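Visitor: 3D, please:
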Amino acid sequence: MKKLYNKIAPVMAKIGKIGLILGLVLLVGSKLYASGLEADQAWPKFYAAWASLIGTYLSIVMAVVFVLFDIRNLWSNHIRKGIVSLKRSPSTIPLVMMLVTFMFYSLNLTDVSNTTAKIYGKGMGLCEFCIMLLSLLNLVCMLNAFPRRKKPNIPMIVLMFAMFGIIIFCDVHYSGLIMAAITRAENPIVINEDTAYIAKAYNMLNVHMILTIVCGALVVLMPVYGKLLRLINTSVDIEENANMAQIDIHD
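Guide: Residues are numbered from 1 along each chain as shown. All right, here's what the predicted structure looks like:
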């Protein structure tokens, strides 16, 4: 069984890789095609939906095939090297999470800006500015808080958590102003197709607050998962070493 797996694994891995690429191309292409269709083009939308569905399932199946038959190569060339790098620098995990959180907020900044212009509540523009600025400064603090082969920089860590707190406060304050504008008794803001960006901004801020809390938790729990990472065996076993005869050095 092992010999059969070794024979078909390279072929199936190539099939899985090619199928995954084709599935992603079909999925993205159908989405782009559907976005350019008019509302009355029913049949083209139907075909685009089917192509998107086929592309989704094809990508999932081919990704599973690729991982199953290329797991050794993935482990030796990518996963093992990544774990070794994380063992040396576990601070990479919260750093990446902070970068993802910053990008998530930045990509939705248009909805926040439009909401600020529509509601124009007290301190909304300042909250928006503080979140962007402090998110960038937090990345800089994270890079300097845990230097390699040196003790953690305590002032940087304290400053980073202070900025975490300010960011969360800004998210809560901004979300509260949106809710107050929607539910106020006089001249409330109505959420419809023209003001749907307000609801998007509100939901995005709640998600951003959760992501910020996760970033802080990852920093706090760094010693825990740092020890767990060191328990993973990433040594490379060389088969020839097992067959080497013992060398006699008594003489």
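Visitor: what distance separates the one helix or strand Leu53 maps to from the centre of its chain?
Guide: Of the helices and strands defined by DSSP states H and E, Leu53 is found in helix 42-69. Chain-centre distance of helix 42-69: 22 Å, with C-alpha atoms, centre = their mean, to the nearest Å.
Visitor: now do the buried residues in it.
Guide: By neighbour count, and taking 16 or more other C-beta atoms under 10 Å as the criterion, the buried residues in helix 42-69 are 48, 51-52, 55, 58-59, 62-63, 65-66, 69. C-betas here are computed from N, CA, C, even on glycine.
Visitor: and what of stretch 22-34?
Guide: 23-24, 26-27, 30, 34.
Visitor: and for stretch 126-142?
Guide: Residues of stretch 126-142 classed as buried: 127-128, 130-132, 134-135, 138, 141-142 (neighbour count, 16+ other C-beta under 10 Å).
Visitor: ok, now stretch 3-12?
Guide: In stretch 3-12, the ones that count as buried by 16+ other C-beta under 10 Å are 9, 12.
Visitor: got the contact list for that stretch?
Guide: Taking contacts as C-beta atoms under 8 Å, 6 or more residues apart in numbering, the residues outside stretch 3-12 that touch it are 65, 68-70, 72.
Visitor: look at Ala185 and give its secondary structure.
Guide: Three-state call for Ala185 (DSSP: H, G, I helix; E, B strand; the rest coil): coil.
Visitor: can you list the residues that contact stretch 117-137?
Guide: Taking C-beta under 8 Å, 6+ apart as the criterion, the residues outside stretch 117-137 that touch it are 98, 101-102, 105-106, 109, 112-113, 115-116, 163, 166-167, 170-171, 173-174, 177-178, 180-181, 189, 195, 198, 208.
Visitor: tell me which element the residue positioned nearest the centre of the chain is part of?
Guide: Closest residue to the average C-alpha location of the chain: Val100 at 5.2 Å, with C-alpha atoms, centre = their mean. Here Val100, judged by DSSP H and E, is contained in helix 92-107.
Visitor: just give the closest residue to the residue nearest to the centre of the chain, not the sequence neighbours.
Guide: Once flanking residues are discounted, Val100 sits nearest to Leu211: 7.3 Å by C-beta to C-beta, 6 or more residues apart in numbering.
Visitor: quick one: the one you found from Thr101, how far?
Guide: Separation of Leu211 from Thr101 (C-beta to C-beta, to the nearest Å): 4 Å.
Visitor: more neighbours: these two, which one.
Guide: Thr101 (23 against 17; other C-beta atoms under 10 Å).
Visitor: buried residues, the helix or strand harbouring Val224. List them.
Guide: Per DSSP H and E: Val224 is located in helix 222-230. The neighbour-count criterion (16+ other C-beta under 10 Å) identifies 222, 229 as the buried residues of helix 222-230.
Visitor: now Met62. Nearest residue, chain neighbours left out?
Guide: Setting aside the residues directly before and after it, Met62 is nearest to Gly19 in space (C-beta to C-beta, 6+ apart), at 3.3 Å.
Visitor: tilt between the helix or strand where the one you found lies and helix 42-69?
Guide: Applying DSSP H and E as the criterion places Gly19 in helix 2-35. Helix 2-35 and helix 42-69 meet at an angle of 160 degrees, taking axes from the mean of the first three to the mean of the last three C-alpha atoms, to 10 degrees as the criterion.
Visitor: what does the average pLDDT come to for helix 2-35?
Guide: When pLDDT is averaged over helix 2-35, the result is 83.
Visitor: quickly note the distance from the residue nearest to Val25 when sequence neighbours are not counted to Leu107.
Guide: Take Val25 and drop its neighbours on the chain: the residue closest to it by C-beta to C-beta, 6+ apart is Gly55, 7.7 Å away. Distance of Gly55 to Leu107, computed by C-beta to C-beta: 23 Å.
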